[in-house]
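Peer 1: sequence below, structure please.
(2 chains)
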Amino acid sequence: MRGGWAILLGSVAGIAAQPVMAQSGEMSVPATVAAGSAFSIETTGSGQGTLYIAGLGQVIRKDVELGKTAWFAAGSLYNAGRYVVILAANGNSETGTLDTGALDVVPQNNPADLSFLAKPSRLPIGLHDGITGAVYVFDAYKNLITAPTPVAFALSGPSGASQTRTVTTKDGAAWTAMDSTAKQGTDKFQARDGEIASTRVIGQVPGDPCGLTMIAKADGDKVSLATDPVRDCSGNAVPDGTIVTFTETYGNAQSTVDVPLKRDIASVEMPAHNGATISVASGVILGNQIRWGK
Amino acid sequence: MSDGSGNRGGLLAVVLMAATIVFVVIGTMWPTKAALAYTGGQGFASFSSTPQAAVRNLGDEIRVEAWQKAYDGLANKAQFTEQEFEHDLKGYYPSLRTYATLDHFEVFPLHATDNDAEVRLKLYWSSVVGIMESTRDLHVVRSGDQWKAEWPLEKKPVVPPQVIPVNYLRWDVIYRGAGDDWGAQDVDAPHVRIVDMRPVQRAEGVVVLGELLNEDVVPAFVSVNATLIGKNQKAIASEGSFDKISHLLLPKQVTPFLINFPNASLADVSSVRMTPFSTLVPASADPVIEIDNEKLNPAPDASLTGQVIDQSGQVVNVAHVLGTFYDSTGHLVWVADEYLDHALLPQTPEPFNIHIPEDLARQISSERTIVSTYSSGGAA
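Peer 2: Numbering: from 1, shown residues only, chains lettered A, B, ... in the order given. Below is the predicted model of the structure:
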């Protein structure tokens, strides 16, 4: 692609390098044009000419009558960047560059789109600066708006309380960090610039189990084990599916079961061995221990 | 003008063709016993003049999967059908054994009289996870001038008809779409953490042992890579845990892992760089597997034995038992595993036996066992 542009710009430069013949003409090029806006280029001289506007991403060729104003409709140039403008004569027997110039296409000032990167999509509760958001502000033509513009970040938690920050963009980007709250649930993380807003969903998940406790009941030749509802240290229910490990040690033998939490409780039946020691754990968190029988 | 080379080439071609035809005819008319056995025809010692020969013939027939011939040669074939005999060897439900072939076998005479004998048949099955052993003690009886083996059929375990309520817990994942904007949010990979790691020098090389915890609230497909860094701070070798790990970790579940570096020396290593990988995957919390009666058996033949029991109602086709061994201070000593070659039926105990290296057995004072399972037709 870059090679193609090089060839194109080389060709345009080749036109510019040709010697100027008898025909004359000049042009007046605006220094900046807002992306997508209509604009004009005034020319002087007489006869027919051709305007070439070339930049990264776009090339325009327009036949003009020298001495008149060439009009370009809205949407003609929309990719921000520097463009080379060349006015060339195209008489029947005379060709060559009459004038050259440059114009800058700048992003529009009105934000039309926000690219909002929020991380992570899921995190434990109670983490300071655990949630980060970065926003890139774009105009309607996907040009990064580099002019400073205020972006409001708002994180609303499941309890309704929200954290807000307003950050002014620098070189088109603004970022912030927020705390996860003590309550599990789904947060809405919103970034807003004027009327344009983008929302992300952040899952706040419970921490490690806290105060893991089980109770045991005799059930024939088995012992029925069940945990109390498993919660983290902030009182949030640990999600179903979390593995709880029951270990029964008797004599020189041992039995183990990995049980997923279902409706906040892990339960299992294990062989009842008199004098057995039964323990419960989840991940690296240990719970209570029960001595069975005796 | 001709130099005669063309004639000599033609003569050679004719001779080679004639020789090929002659050898094909000889091979067809008088095949070697081994070749005949592999084609399923009469082969090897078909006359069972001794108890060992009878069992050896049976082993050969099992090896080439000549089920009918093997069944017809049994002394007690009236007690079961040929299909039951085949299923007894290859499994009643799809399992590692179903897709295994008998690589070789050994025959050991245990006891013999004039009319009967006890012979041990040790079968070595070639499976996708390596060689698997199984042993059967056969009673062999004299029948005229021949000996015939009685097959000790292990009856198919029968699970009483019942309804097992399963409150299915499943995680499904919706990822971002291919056409989404680059800034669009996606679901994060699960957070996993290596909670223990230890490099060990063994005769075959360096072994990196460890334990990995899924500290997230979603299931994770995990693996671990390790890179040995030399004293010049350059990488010596990089290896992965491959199957010495339980790849599916439910929330707060811990798996051991073992990474082999063959021919490496710990003396050359200044540090080990560990890289855990995790991917969010759809998964099910079932089946729940109980590991019962786990016992550490001391050397010689040090091992961890026990039984695994599928507490759910679904058949588990492949069960992989992983043992983590600790010393008296709780430090990781070794990780070993065993695949069960039979399917796990609901509520039916299936024994396992994990070998422990003799030199490490004396250091081991406790263990932790987990089972990873695979069921055909769904993530398990």
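
Peer 1: all contacts plus neighbour counts: C-alpha atoms, from now on.
Peer 2: Fine.

Peer 1: right, is stretch B:346-359 up against chain A?
Peer 2: No. Judged by Cα under 8 Å from any Cα of the partner chain, stretch B:346-359 makes no contact with chain A; its nearest approach is 12.1 Å.

Peer 1: what are the boundaries of the helices in chain B?
Peer 2: B:5-29, B:33-38, B:51-63, B:67-72, B:82-90, B:358-361 (DSSP state H).

Peer 1: can you say which of these is packed in most?
Peer 2: Per residue and on average, the most neighbours among the helices of chain B fall to helix B:51-63, with a mean of 23 (mean count of other Cα atoms under 10 Å in any protein chain shown).

Peer 1: what average pLDDT does that one get?
Peer 2: In this model, helix B:51-63 has a mean pLDDT of 94.

Peer 1: domain map for the chain?
Peer 2: Reading this off chain A. Domains of chain A are assigned by automatic domain parsing as A:2-106, A:113-205, A:214-291.

Peer 1: to clarify, I was referring to chain B.
Peer 2: As given by automatic domain parsing, the domain ranges for chain B are B:33-150, B:172-283, B:286-374.

Peer 1: quick one on the thing from earlier: turn the domains of chain A into JSON lines, columns for mean neighbour count and distance to residue B:7.
Peer 2: Below are the domains of chain A laid out as JSON lines (neighbours: other Cα atoms under 10 Å in any protein chain shown; distance: least, Cα to Cα, whole Å):
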{"stretch": "domain A:2-106", "mean neighbour count": "17", "distance to residue B:7": "63"}
{"stretch": "domain A:113-205", "mean neighbour count": "19", "distance to residue B:7": "80"}
{"stretch": "domain A:214-291", "mean neighbour count": "19", "distance to residue B:7": "80"}
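
Peer 1: CSV for those domains, including mean pLDDT and distance to chain B?
Peer 2: Output for the domains of chain A, formatted as CSV (pLDDT from 0 to 100; distance: least, Cα to the nearest Cα, whole Å):
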stretch, mean pLDDT, distance to chain B
domain A:2-106, 81, 18
domain A:113-205, 92, 5
domain A:214-291, 93, 4
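
Peer 1: of the ones you listed, which approaches residue B:125 most closely?
Peer 2: Closest of the domains of chain A to residue B:125 is domain A:214-291, at 29.4 Å (criterion: Cα to Cα).

Peer 1: between the two ends of the closest one, how far is it?
Peer 2: 12 Å (Cα to Cα, to the nearest Å).

Peer 1: of all the helices of chain B, which one is nearest residue A:29?
Peer 2: helix B:358-361 (84.1 Å).

Peer 1: report all helices and strands that that closest one contacts.
Peer 2: If you count contacts as 3 or more Cα pairs under 8 Å, 6 or more residues apart in numbering or on different chains; DSSP states H and E, helix B:358-361 packs onto no helix or strand.

Peer 1: residue B:121 reaches residue B:108, doesn't it?
Peer 2: Yes. Between residue B:121 and residue B:108 there is a contact under Cα atoms under 8 Å: 6.6 Å.

Peer 1: find the centremost residue of chain B, please.
Peer 2: Centroid-nearest residue in chain B, with Cα atoms, centre = their mean: residue B:129, separated by 4.1 Å.

Peer 1: list the contacts of that residue.
Peer 2: residue B:339 (Cα atoms under 8 Å, 6 or more residues apart in numbering or on different chains).

Peer 1: and it, how far from chain A?
Peer 2: Applying Cα to the nearest Cα, to the nearest Å, the value for residue B:129 to chain A is 25 Å.

Peer 1: any idea how far that residue lies from residue B:96?
Peer 2: Taking Cα to Cα, one finds residue B:129 at 8 Å from residue B:96.

Peer 1: kindly report the same for residue B:325.
Peer 2: 26 Å.

Peer 1: low-confidence ranges, chain B, go.
Peer 2: B:1-6, B:31-46, B:167-168, B:182-183, B:377-380 (pLDDT under 70).

Peer 1: for residue B:310, list the residues it contacts.
Peer 2: Neighbours of residue B:310 in contact, by Cα under 8 Å, 6+ apart: B:287, B:288, B:289, B:290, B:316, B:344, B:345, B:346, B:347, B:348, B:349.

Peer 1: neighbours of the fourth one, just the number please.
Peer 2: Spelled out, it's residue B:290. For residue B:290, the count of nearby residues is 25 (other Cα atoms under 10 Å in any protein chain shown).

Peer 1: same question, the third one
Peer 2: When counting by other Cα under 10 Å, one arrives at 24 neighbours for residue B:289.

Peer 1: didn't it look like it was pressed against residue A:268?
Peer 2: No. Applying Cα under 8 Å as the test, residue B:289 and residue A:268 come out as separate, 10.5 Å apart.

Peer 1: which neighbours do these two share?
Peer 2: Common neighbours of residue B:289 and residue A:268 (Cα under 8 Å, 6+ apart) are residue A:257.

Peer 1: can you map out the strands along the stretch 51-200 of chain A?
Peer 2: Along the stretch 51-200 of chain A, counting by DSSP state E, counting those that start in this stretch, strands occupy A:58-65, A:69-72, A:81-90, A:95-106, A:113-119, A:122-124, A:131-138, A:150-156, A:162-168, A:173-178, A:185-193, A:196-205.

Peer 1: buried residues in the longest strand seen in chain B?
Peer 2: Longest strand in chain B, counting residues (DSSP state E): strand B:130-143. By neighbour count on 16 or more other Cα atoms under 10 Å in any protein chain shown, the buried set for strand B:130-143 is B:132, B:137, B:138, B:139, B:140, B:141, B:142.

Peer 1: I'd say the first one and residue B:341 touch.
Peer 2: Yes. In this structure residue B:132 lies within contact range of residue B:341 using Cα under 8 Å: 7.5 Å.

Peer 1: now do the residue nearest to residue B:68 when sequence neighbours are not counted against chain A, distance only.
Peer 2: Nearest non-adjacent residue to residue B:68, counting by Cα to Cα, 6 or more residues apart in numbering or on different chains: residue B:82, 6.7 Å away. For residue B:82, the distance to chain A equals 38 Å [Cα to the nearest Cα].

Peer 1: list the residues that contact residue B:82.
Peer 2: By Cα under 8 Å, 6+ apart, the neighbours of residue B:82 are B:67, B:68, B:71.

Peer 1: still on that earlier bit, looking at residue B:121 and residue B:108 now, which is surrounded by more residues?
Peer 2: Between residue B:121 and residue B:108, counted using other Cα under 10 Å, the more crowded position is residue B:121 (21 against 14).

Peer 1: hey, what's that one bridged with?
Peer 2: Note on residue B:121: beta-bridge partners by DSSP bridges are residue B:107, residue B:136.

Peer 1: please apply the same query to the one 5 residues further on.
Peer 2: Each beta-bridge partner of residue B:126 is listed here, defined by DSSP bridges: residue B:101, residue B:131.

Peer 1: again, but for residue B:207
Peer 2: Counting by DSSP bridges, the residues bridging with residue B:207 are residue B:200, residue B:260.

Peer 1: just give the nearest non-adjacent residue to residue A:291, would you?
Peer 2: residue A:277 (4.6 Å).

Peer 1: need the contact list for the spatially most central residue of chain A.
Peer 2: Nearest to the mean C-alpha position of chain A, counting by Cα atoms, centre = their mean, stands residue A:117 at 2.3 Å. Neighbouring residues of residue A:117 by Cα under 8 Å, 6+ apart: A:133, A:134, A:135, B:183, B:184, B:185.

Peer 1: thinking again about what came up before, may I see the strands of the stretch 51-200 of chain A organised as JSON lines, with distance to residue B:172 added?
Peer 2: Output for the strands of the stretch 51-200 of chain A, formatted as JSON lines (distance: least, Cα to Cα, whole Å):
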{"stretch": "strand A:58-65", "distance to residue B:172": "45"}
{"stretch": "strand A:69-72", "distance to residue B:172": "53"}
{"stretch": "strand A:81-90", "distance to residue B:172": "45"}
{"stretch": "strand A:95-106", "distance to residue B:172": "45"}
{"stretch": "strand A:113-119", "distance to residue B:172": "21"}
{"stretch": "strand A:122-124", "distance to residue B:172": "15"}
{"stretch": "strand A:131-138", "distance to residue B:172": "24"}
{"stretch": "strand A:150-156", "distance to residue B:172": "26"}
{"stretch": "strand A:162-168", "distance to residue B:172": "29"}
{"stretch": "strand A:173-178", "distance to residue B:172": "28"}
{"stretch": "strand A:185-193", "distance to residue B:172": "17"}
{"stretch": "strand A:196-205", "distance to residue B:172": "16"}
